[in-house]
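Engineer: here is the input, now give the coordinates:
(chains A and B)
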Amino acid sequence: MGRYIIKRLLWMIPIILCVAILVFTLMTFCPGDPAAIVLGSSATEEDMNLMRESLGLNRPFLVRLGTYLRDAFLRFDLGRSYLTKVSIADSIREYLPRTMLLTIITMLISVGLALPLGITAATHQGRWQDTVCMVLALIGISVPSFWLALLLILEFSVKHAWLPAMGVGGLKYYILPAISGSLGGVASLARQTRSSMLDVIRADYITTARAKGVSERNVITRHALKNALIPIITVIGTQFGRQLGGTMVIETIFGIPGMGQFIITGVNQRDYPVVQSGAIFLAIVFSLCMLGVDLLYAAADPRIKAQYAKGKRRVKK
Amino acid sequence: MKKLINRILSLALVGAMALSLAACGSSSNSSAAKPTEVPGVSETTAEAEAVVPETGSVKKESLNIGVTTLWATLSPFQTTQNQYGAFTRPLYDRLAVIYDGEYVPQMAESWEVADDGLTWTVKIHDNITDSQGNHITADDLVWFTQESMNRKLKPLFNKLGEVSKIDDTTIQFVMKSNVVGAFEMILASVYGVSEAAFKASADEFANTTVSSSAYKVVEFVPGSHLSLELREDYWDKDNEHPALQNNVKHLTYTIITEASQQQIALETGTVDCFESLTSSLVPAFDNNPAYGRATASSGNGIQMYFSGDESRPCGRSEDLCKAIAYCIDMNGVVAAAFEGLASTMHCGASKMLVGYNPKWDNEPYFEYDVDKAKDYLASSGYDGEELVLVATAGGGNDRLAQILQGYMTAIGINCKLSMLDAALYSATRFDGAQYDMILVSAGGITITNWWGVRFDMNAYEKGDGTARRDETLTNMIYNTWIVQGYTEENIDAIHYYLMDHCYVYGLVNPDVCNVYRTDTGLVSVPITCQGPADFAAAVYQ
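Structural biologist: You can find the predicted model right below:
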């Protein structure tokens, strides 16, 4: 198992390297002059040339790429923002904890609501409970998060003044953003749970378990759900990675300076170091999430764990 | 029994979901976000005085100010973006501040220029100290200036040749050329920072500052808020100039970019006032006694520049440009695109610029005349070719561009809109071959400097700001840059030259609306040169 994890971690290196090269190349050839943005509208050509020189933008592409890769991967120096001159590593340290906290709360809400909904729908397939759950899931997918955010603010901040409408601070500042951001996830996860549960719920071993007198609760939680978990874990892992990458809309509405705002602002301002480092960060996050998902597969399914331990791939027959 | 329990559980779950959604849904009817009513205030919206003749106001305990932009770092060396924001003054003292079109000495006692017009000598106060007790002398300000020159983040420092210390309270600046207004802009950009304190800072003042200003930083969360506390030991607390008052003990600037959150924050009292409130929200607070408004013209007008590149129809035909200028009813634009919160322009430059001649406001300026527009269109030889109007997307520009497009369509001009993000726009704006018209919203300090940025044919690779090469105009502008040529007659000549050739059409000066809750007790508030109100310097009951 340990070897498998080390192997996966080593595989992350070429993946992140490729992402870094790709993003660097895209940003270089993307229209937009960082010097013009940094200096504003009153800068002359001479001013901008001085700034390009100062930022190193006049050097050949390959030289800049080489310097960037050396700094990022050998010296672990992500550079400084063109616009603010603040260290990118410091900025990530500043913004990441907020996004991390928001992501964790959002995922807790998503999983906490979606699994019971999906299980209820599956165990009552074709009945009114199933219909209600799936209608709720459909509403969840259809409701835009910004609209829900504004409704929640009106109800809980303006009308009752129970929760702050915006800003950063204690845990209470994250409740409304997390609810707003989780609804779409609840919906898709509930649908996935229902679908996975339906796949296993009529399997022979479930019927056998019932025939042996195992309680319905145990049949669902210990036999059906455990075997239905693989696709559910995949969805949770993907959602977690996406959330951690930052949810720009939620962060903007609730005034939370997080990773989403940080990276999108960098893109809009052609702040190359911010975008490149942001992309590397996202690549690492997604790779780790996928590794986490694979490890959870092993925890959920002993057959997969055995394959990891042997170092063999699962082969479909 | 088990089935029954399951049913109850599932019902409870479904019920909980339904209730939570219903609760959210019911919010839509709760426009109950009513502002606090303040007794004894007149029924109309209070209007604060923009100029404050009196000082010695009561010190207000705390004030929370909403802003739409704030520095991502507190570093004094960052770019000129937001340099004139109202939140900058409580952070850093300057040699001089710009107020009401004039330079008001702050750290400087006086300044004078030598006969060569290039060498300036500045005398500073000898009692300037920062929040750590460091004595700020000429050495510190020379270091700050040199550091600004080296970092090249503020183009205005590129006009400075050298800076040196004469003695502890005297500094000498030598400009590269005697461009009118260039030195004064440097005065407003040299901050009171101690070299020792800056070098001792681990993050170069990114998150906290040590400066000579009246306030010290309590907390700064980039992208969220900045909290400041008034210093008891501020060196300049006896200054009586209304723009340099510090009448609030605890200041918090909160960044709120989302429009509905701005309104909610004002209504719930999360913020006491808002600098530069989104204009579409302003009517919601007008005629409400619980709120007041201090309005000023934006330092940045919105102008439509015509391409100077001859590959474009507008670059080839001045008559086509005039047809476009005459076909637009700017009063209609002000009403439709700005909710009436703007004024029409009478020049290609903002009336807030130093050197703007107020007499132009009373002269005709491309007054809406469809017949005249059609005559110019006929004489231009326009053959229906598609004209391209470039503007930055968002910020109300989309609406403005669509209205302009409508006016052009009405007289038979085929106009295509090209709405670009800020980065693409900045890559496009100097290349007149890519557009016929471009909407520009930018300001400056002096009108001659602003014209230089836009119409100096040597400023950019392809010519002036729209790729035009007009030597006559360039020489006229150069003439106004030197002190002897900076005359009303010469400035007038450029204004009329630009009108005759229709290189630019000044559209509107949007209003900057600073809204405050009247329960703050605000009596009057000074306005900064770009339009935001300086609530820290306001007079309170």
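
Engineer: on the three-state scheme, the residue of the stretch 201-317 of chain A found nearest chain B is what?
Structural biologist: Among the residues of the stretch 201-317 of chain A, A:Pro257 lies closest to chain B, at 2.8 Å counting by C-beta to the nearest C-beta. (Glycine included, C-beta is placed from N, CA and C.) Classification of A:Pro257 using DSSP: H, G, I helix; E, B strand; the rest coil returns coil.

Engineer: does the nearest residue to it once chain neighbours are set aside sit in a helix, a strand or a coil?
Structural biologist: For A:Pro257, ignoring the flanking residues on the chain, the nearest one in space by C-beta to C-beta, 6 or more residues apart in numbering or on different chains is B:Gly223 at 2.8 Å. Secondary structure, three-state DSSP: B:Gly223 is coil.

Engineer: could you do A:Ser277 as well?
Structural biologist: helix.

Engineer: please apply the same query to B:Leu281.
Structural biologist: helix.

Engineer: hmm, it is touching B:Ala265, no?
Structural biologist: No - the pair formed by B:Leu281 and B:Ala265 falls short of the contact definition of C-beta atoms under 8 Å, at 10.7 Å.

Engineer: the residue nearest to A:Pro257: how many residues sit nearby?
Structural biologist: By other C-beta atoms under 10 Å in any protein chain shown, 22 other residues sit near B:Gly223.

Engineer: tell me the contacts of it?
Structural biologist: A:95, A:257, A:261-262, B:70, B:72, B:255 (C-beta atoms under 8 Å, 6 or more residues apart in numbering or on different chains).

Engineer: can you rerun that using 7 Å?
Structural biologist: A:257, A:261, B:72, B:255 (C-beta atoms under 7 Å, 6 or more residues apart in numbering or on different chains).

Engineer: top of these by neighbour count?
Structural biologist: The contacts of B:Gly223, ranked by neighbours (other C-beta under 10 Å): first place A:Pro257, 24 neighbours.

Engineer: so how far is A:Gly266 from that one?
Structural biologist: 13 Å (C-beta to C-beta, to the nearest Å).

Engineer: can you mark which positions in the helix or strand that contains A:Val63 are buried?
Structural biologist: Element membership of A:Val63, judged by DSSP states H and E, is helix A:61-69. Across helix A:61-69, burial judged by 16 or more other C-beta atoms under 10 Å in any protein chain shown covers A:64-65, A:68.

Engineer: quick one: list the elements packing against it.
Structural biologist: Applying 3 or more C-beta pairs under 7 Å, 6 or more residues apart in numbering or on different chains; DSSP states H and E, one finds that helix A:61-69 makes contact with helix A:2-29.

Engineer: distance from the following helix or strand past the helix it packs on to the middle of the chain?
Structural biologist: For helix A:2-29, the succeeding helix or strand toward the C-terminus, using DSSP H and E, is helix A:34-39. Here helix A:34-39 is found 31 Å from its chain centre; the criterion is C-alpha atoms, centre = their mean, to the nearest Å.

Engineer: helix A:34-39 and chain B in contact?
Structural biologist: Yes - Helix A:34-39 reaches chain B (C-beta under 7 Å from any C-beta of the partner chain) through A:36-39.

Engineer: and that helix, what does it pack against?
Structural biologist: helix A:45-55, helix B:422-428.

Engineer: and A:Arg194, how many neighbours?
Structural biologist: A:Arg194 - counted by other C-beta under 10 Å - has 26 other residues nearby.

Engineer: could you report the distance from it to B:Asp140?
Structural biologist: For A:Arg194, the distance to B:Asp140 - C-beta to C-beta - is 68 Å.

Engineer: comparing B:Leu281 and B:Ala265, which shows the higher neighbour count?
Structural biologist: A count of neighbours by other C-beta under 10 Å puts B:Ala265 above the other of B:Leu281 and B:Ala265, at 23 against 17.

Engineer: which SSE is the more buried one in?
Structural biologist: Applying DSSP H and E, one finds B:Ala265 within helix B:259-268.

Engineer: in its sheet, what does the helix or strand just after that helix sit against?
Structural biologist: For helix B:259-268, the following helix or strand on the C-terminal side (DSSP H and E) is strand B:273-274. With DSSP bridges as the test, strand B:273-274 is paired with strand B:60-67 (parallel), strand B:504-517 (antiparallel).

Engineer: poorly predicted segments of chain B, please.
Structural biologist: Low-confidence segments of chain B, defined by pLDDT under 70: B:1-58, B:79-84.

Engineer: one more time with 50, if that's ok
Structural biologist: B:1-2, B:4-6, B:8-55 (pLDDT under 50).

Engineer: tilt between the helix holding B:Ala265 and strand B:504-517?
Structural biologist: On the basis of axes from the mean of the first three to the mean of the last three C-alpha atoms, to 10 degrees, helix B:259-268 is oriented at 40 degrees to strand B:504-517.

Engineer: elements contacting helix B:259-268?
Structural biologist: strand B:60-67.

Engineer: make TSV out of the residues of helix A:34-39 next to chain B and add neighbour count, distance to A:Asp90 and pLDDT.
Structural biologist: Compiled in TSV, the residues of helix A:34-39 next to chain B are given as follows (neighbours: other C-beta atoms under 10 Å in any protein chain shown; distance: C-beta to C-beta, whole Å; pLDDT from 0 to 100):
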residue	neighbour count	distance to A:Asp90	pLDDT
A:Ala36	23	26	83
A:Ile37	24	21	82
A:Val38	30	19	82
A:Leu39	24	24	82
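
Engineer: cool, thanks, signing off.
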